[in-house]
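Engineer: okay, here's the prediction I keep looking at, along with the sequence it came from:
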Protein chains: 2
Amino acid sequence: MQQQVTLSIEQAQALGLKVLLGNGFNHEHATAITRSVVSAQRDECHSHGLYRLIGCVETARLGGIDGNARPEVVDHAPSIVKVKANRGSSLSAFERGKPLLVEKANTTGIAVLAITESFHFSALWQEVEALSGEGLVALAMTPTHPFVAPAGGTKALLGTNPFAFSWPRPGKAPYTFDFATSVIARGEIELHRRAGEAIPEGWALDAQGNPTTDPDTALKGAMLAFGGHKGSALSTMIELLAGPLIGDVLGHETAAAAEGGKKRPYHGEFIVAISPRAFLGEAADEHLAHAETLFEEIAGQGARLPSQRRFAARQRSLADGVKIPRQLHEELKALIPSSRR
Amino acid sequence: MQQQVTLSIEQAQALGLKVLLGNGFNHEHATAITRSVVSAQRDECHSHGLYRLIGCVETARLGGIDGNARPEVVDHAPSIVKVKANRGSSLSAFERGKPLLVEKANTTGIAVLAITESFHFSALWQEVEALSGEGLVALAMTPTHPFVAPAGGTKALLGTNPFAFSWPRPGKAPYTFDFATSVIARGEIELHRRAGEAIPEGWALDAQGNPTTDPDTALKGAMLAFGGHKGSALSTMIELLAGPLIGDVLGHETAAAAEGGKKRPYHGEFIVAISPRAFLGEAADEHLAHAETLFEEIAGQGARLPSQRRFAARQRSLADGVKIPRQLHEELKALIPSSRR
């Protein structure tokens, strides 16, 4: 078994900040990105955890993400906040735009935060949970690189386009889900390839658009959307809302858009915040309590609410710290310039 | 083959109005419901077509839907329109609320129409297309009776909870989809039962929560959500937004809520309208044209955009009229009091 290193949350944060500040990211960017990767690590979402710092630094070195970009917040309309990330991270754009989004949602009932021209490499649950933490209902969606064939099609066109939702549960962890609209994460196919195992039918097509169970062939072909034509339709909706509606690119254009950054994910993000209090006034508490009956019915059948494994990991990590492979720890430390070690 | 009767759109409308006006529906209700069933018939969505008038009249006779209800429109917040249907049809509530919804979306960027205390028996594509016809992007969702088990669960709890989306395509029929979050429509299981055929695996569970391929057992058990835990999560989101958020019931409460109406679908509906022009100003045309490249790429692969069959039927019906079984035509005529024939 690989050797592990345990870090307290504070140590993980200090490590993230040192890596980013030492590689040309300004304080705002370093703080926002560190917060994201540490919270993913805390929830044991390893692929979005501290590991992600390596790609982040590489993207900056290649002239992709600009760690000194200043996100521009525009109070565009009563229910629209726009943040132009200016080739910076979507995370600092979100943090800059969030206060105005919260204010607008509470005032008008529902509001959108439209982030454009951003580098995006984080999990969406973080942003929807930042909003449900403010008592709001939140949705988020974003395109990604084109790995998925539309239902009935033969070629990769749509992104794996994730969709996230969070509902505030007073006194409890929120009801949150965050899923890719591909049938499976691309990394799962990669894992099967490494293990020399066939992938199940229904995951992917070969380059000619025929079903395949060979992971190598699948990675050169196209993945499939979850749930057939329904998932494909949902994925298309995500491309439209987080693309043309906010004046940004479609999934199949994300690669070309990121010329300087070796095809890094450069695109928009569409976030919606809804205020139960604006809808219901003083009755909000009663109806939020009513929503709990649904969660109780689900759990009462022995079905698991989404994100429960992540919330359990969170509790463990807050108590015991986070564990990362020793090799990753060494790689991250090596990214810190000697002057900052 | 069953004998068919061909009606012009005008004849179908006249028939619908006579049936409804002759059975205690006021002019507003009769017009809204007729518009809905005729447009469904025109698009060859038979189950939501003229056939639906029979259930509608029956529901009214049982004291379910109140065909004289006056929907109350409340200008609740800058981006919220509420319409209390007062036991009337969701369709007249929608028509009453729509002008203010459109105005709000164009002013603030995004707005919600929350319909409560309504009887709902129409397809959601009609409402999202009424909005995309105004140049808006629209989403709609609603709970239904509890036929679907949550992923990992054993018992029917969630509705078949449909989700619809429409995106305006200048000069063309919109990009629209409208799907149930169950893996299949309940009617499909019914059709298998009548034909004495097994249903595919993955559609349903028996009363003990075990997988079944027997349609009879499935109808007494629970249907499954499309796309496993992802579709189940989406369905749960729909229950929350179209239920507690707007102060109305959850799917498993719809039956009880409709006491007077023999378990007819009495619940809320959540409709979102988004204005591309509010987001993009004069650049809206350019970005809507950009969205067309996605549709061209999808169609260029030989994949079909959703709703194409429906739009083709629409063209046929507008040219040649709609066809319904002679027996249905007779049943509908029999519902008209002799004074109005």
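Structural biologist: Looks like it came in fine.
Engineer: buried residues in stretch A:84-92?
Structural biologist: Neighbour-count burial for stretch A:84-92, counted by 16 or more other Cβ atoms under 10 Å in any protein chain shown, picks out A:Lys84, A:Ala85, A:Arg87, A:Gly88, A:Ser89, A:Ser90, A:Leu91, A:Ser92. (C-beta placed from N, C-alpha, C; glycine too.)
Engineer: closest to A:Leu245 out of the residues you listed?
Structural biologist: A:Lys84 (15.3 Å; Cβ to Cβ).
Engineer: got the phi and psi for that closest one?
Structural biologist: phi -90, psi 120 (degrees, to the nearest 10).
Engineer: how close does the closest residue in space to A:Arg340 that isn't next to it in sequence get to A:Ile336?
Structural biologist: Nearest residue to A:Arg340, sequence neighbours excluded (Cβ to Cβ, 6 or more residues apart in numbering or on different chains): A:Gly22, at 4.6 Å. According to Cβ to Cβ, to the nearest Å, A:Gly22 and A:Ile336 sit 5 Å apart.
Engineer: same check, this time on A:Ala198
Structural biologist: Relative to A:Ile336, and taking Cβ to Cβ, A:Ala198 is found at 42 Å.
Engineer: okay, those two: which has more neighbours?
Structural biologist: A:Ile336 (17 against 13; other Cβ atoms under 10 Å in any protein chain shown).
Engineer: next up, the contacts around that one.
Structural biologist: A:Lys18, A:Val19, A:Gly22 (Cβ atoms under 8 Å, 6 or more residues apart in numbering or on different chains).
Engineer: low-confidence ranges in the stretch 51-200 of chain A?
Structural biologist: Filtered on pLDDT under 70, the stretch 51-200 of chain A yields no residues whatsoever.
Engineer: for chain B, what is the nearest residue in the stretch 101-250 of chain A?
Structural biologist: A:Gly227 (2.9 Å; Cβ to the nearest Cβ).
Engineer: contacts only, for that residue.
Structural biologist: Here A:Gly227 is in contact with A:Val183, A:Leu234, B:Phe226, B:Gly227, B:Gly228, B:Lys230, B:Gly231 (criterion: Cβ under 8 Å, 6+ apart).
Engineer: picking up where we left off before, now for the buried residues of stretch A:84-92: which two are most distant?
Structural biologist: The most widely separated members of the buried residues of stretch A:84-92, counting by Cβ to Cβ, are A:Lys84 and A:Leu91 (14.6 Å).
Engineer: ok, residues contacting stretch A:90-103?
Structural biologist: A:28-29, A:32-33, A:35-36, A:69, A:71, A:73, A:75, A:81-85, A:111-113, A:115, A:118-120, A:122, A:127, A:130-131, A:134, A:136, A:142, A:269, A:271, A:273.
Engineer: in helices only, show me these.
Structural biologist: Among the contacts of stretch A:90-103, the ones falling in helices (DSSP state H) are A:Glu28, A:His29, A:Ala32, A:Ile33, A:Arg35, A:Ser36, A:Glu127, A:Ala130, A:Leu131.
Engineer: give me the buried entries from the contacts of stretch A:90-103.
Structural biologist: With burial judged by 16+ other Cβ under 10 Å, the buried subset of the contacts of stretch A:90-103 is A:28-29, A:32-33, A:35-36, A:69, A:71, A:73, A:81-85, A:111-113, A:115, A:118-120, A:122, A:127, A:130-131, A:134, A:136, A:142, A:269, A:271, A:273.
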